[in-house]
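[1] what would the 3D arrangement of this be:
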Amino acid sequence: MTISNETKTELLKAQRTEITEYHVYTRIAKTLPDENNRKIVEHIGEDEKRHYEIWKSYTGKAVKPNKFLIWLYTTISRLFGFTFGFKLMELGEEKAQVNYQLIGDEIPEARDVIKDEQDHEDKLLSMLDEESLIYAGSVVLGLNDALVELTGALAGLTFAFRDVNIIALSGLITGIAASLSMAASEYLSTRSEETDKDPMRAAITTGIAYVITVALLILPYLLLNNEIIALAISLTTSVVIIAIFNFYVSVAKDQPFGKRFAEMAGLSLGVAAFSFLVGLLIRNWFGVEV
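    Residues are numbered from 1 along each chain as shown. Okay, here's the model as predicted:
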């Protein structure tokens, strides 16, 4: 059938998206050890190729995949987990702004193909079972506690002592002790629950998340001589960590980003502000000078 140049342009864009995603799914499927996950991903990849062939039957042209996007999403999937990589790719596809409405108006039967594609991929992606996501809650626990407790402690120590070396040392001791405590608590908590999580792995995940956060927050005090600037950088770092992790969770688990980010950031900065005032009051009341 004859189609307009505008529709043909949109079909060519859709073709390139489909064939690019086919290659991403195919490459990642080969690296998956779990047979069920591998079959699901291979199935999605074959669907993408089939959709490509459907659009090609209308345009009459072969389209090459986007090699950069293949590399990008393949790398992201291997570094941060295939569930995150695939869903991030789907978000990218939504923002590619292919005018499917125009395609559907001119090629009525294409509407069913588009609907089937969207429904089918959503259903299959929801079936993926990635072990690392099971422990996302342990990472949240480690990050949240470290951010809230340590930003508060650093803010209080900053005005109580006004010495970057003492602040860094005190914060490091506090952070390491708290990380061990949180890891032990997570181990006992997980062990008492009916869950698929391994208690030891959950504890280690919580502890590692806590320690990494502690190191990033204390680093400015080790590199700078001005405690106020160091505190400002630490607080900024905490907000960045919160944003990055919440973005990861929002994509991988289909959860809202804004609300979770606002809650964690507000809690962390709120405790820091309160501790900042407590440190100032204690310094003035007790006349502590270091």
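
[2] domains for this protein, by residue range?
    What automatic domain parsing lists as the domains of the chain is 5-129, 133-286.

[3] need the winner for burial among the ones you listed.
    Between those, domain 133-286 has the highest mean count of neighbours, a mean of 18, where neighbours are mean count of other C-beta atoms under 10 Å. No exception for glycine: its C-beta is placed from N, CA and C like everyone else's.

[4] returning to that earlier point: rank the domains of the chain by pLDDT, which is bottom?
    Mean pLDDT across the domains of the chain is lowest at domain 133-286; the value there is a mean of 78.

[5] contacting residues around the residue nearest to the spatial centre of the chain?
    By C-alpha atoms, centre = their mean, the chain has its centre lying nearest to residue 248, at 1.1 Å. By C-beta atoms under 8 Å, 6 or more residues apart in numbering, the contact set of residue 248 is 80, 84.

[6] the helix or strand containing residue 25: what's the following helix or strand?
    Per DSSP states H and E, residue 25 falls inside helix 5-29. For helix 5-29, the succeeding helix or strand toward the C-terminus, using DSSP H and E, is helix 35-59.

[7] and the angle from that next one to helix 5-29?
    In terms of direction (axes from the mean of the first three to the mean of the last three C-alpha atoms, to 10 degrees), helix 35-59 departs from helix 5-29 by 160 degrees.

[8] helices and strands around helix 35-59, which ones?
    In terms of contacts (3 or more C-beta pairs under 8 Å, 6 or more residues apart in numbering; DSSP states H and E), helix 35-59 is packed against helix 5-29, helix 82-94, helix 110-127.

[9] closest one to residue 201 among those helices?
    The closest of those to residue 201 is helix 82-94. By C-beta to C-beta, the value is 18.0 Å.

[10] state the next helix or strand along the chain beyond that closest one.
    Toward the C-terminus from helix 82-94 - assigned by DSSP H and E - lies helix 100-106.

[11] can you tell me what sits against that next one?
    So helix 100-106 is contacted by 3, 4, 6, 7, 10, 11, 14, 110, 111, 114 (C-beta under 8 Å, 6+ apart).

[12] CSV for those residues, including distance to residue 30?
    Below are these laid out as CSV (distance: C-beta to C-beta, whole Å):
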residue, distance to residue 30
3, 36
4, 40
6, 38
7, 35
10, 31
11, 29
14, 25
110, 31
111, 33
114, 28
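
[13] before we move on, which element is the nearest residue to residue 24 once chain neighbours are set aside in?
    Leaving aside its chain neighbours, residue 24 sits nearest to residue 73 (4.8 Å; criterion: C-beta to C-beta, 6 or more residues apart in numbering). Using DSSP H and E, residue 73 sits within helix 67-80.

[14] quick check, distance from the host helix or strand of residue 220 to the centre of its chain.
    Counting by DSSP H and E, the element that carries residue 220 is helix 199-223. Chain-centre distance of helix 199-223: 17 Å, with C-alpha atoms, centre = their mean, to the nearest Å.

[15] on that earlier part again, as CSV, the helices and strands packed on helix 35-59 with distance to residue 55 would be great.
    Output for the helices and strands packed on helix 35-59, formatted as CSV (distance: least, C-beta to C-beta, whole Å):
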stretch, distance to residue 55
helix 5-29, 5
helix 82-94, 14
helix 110-127, 8
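
[16] out of these, which comes closest to residue 68?
    Of all these, helix 5-29 sits nearest to residue 68, with 9.4 Å by C-beta to C-beta.

[17] what angle do the closest one and helix 82-94 make?
    170 degrees.

[18] pretty sure residue 155 is touching residue 232, no?
    No: Residue 155 is beyond contact range of residue 232, at 10.4 Å (criterion: C-beta atoms under 8 Å).

[19] residue 225 is nearest to which of the helices and strands packed on helix 35-59?
    Comparing the helices and strands packed on helix 35-59 under C-beta to C-beta, the one sitting nearest is helix 82-94, at 39.3 Å.

[20] right, I'll call it a day here.
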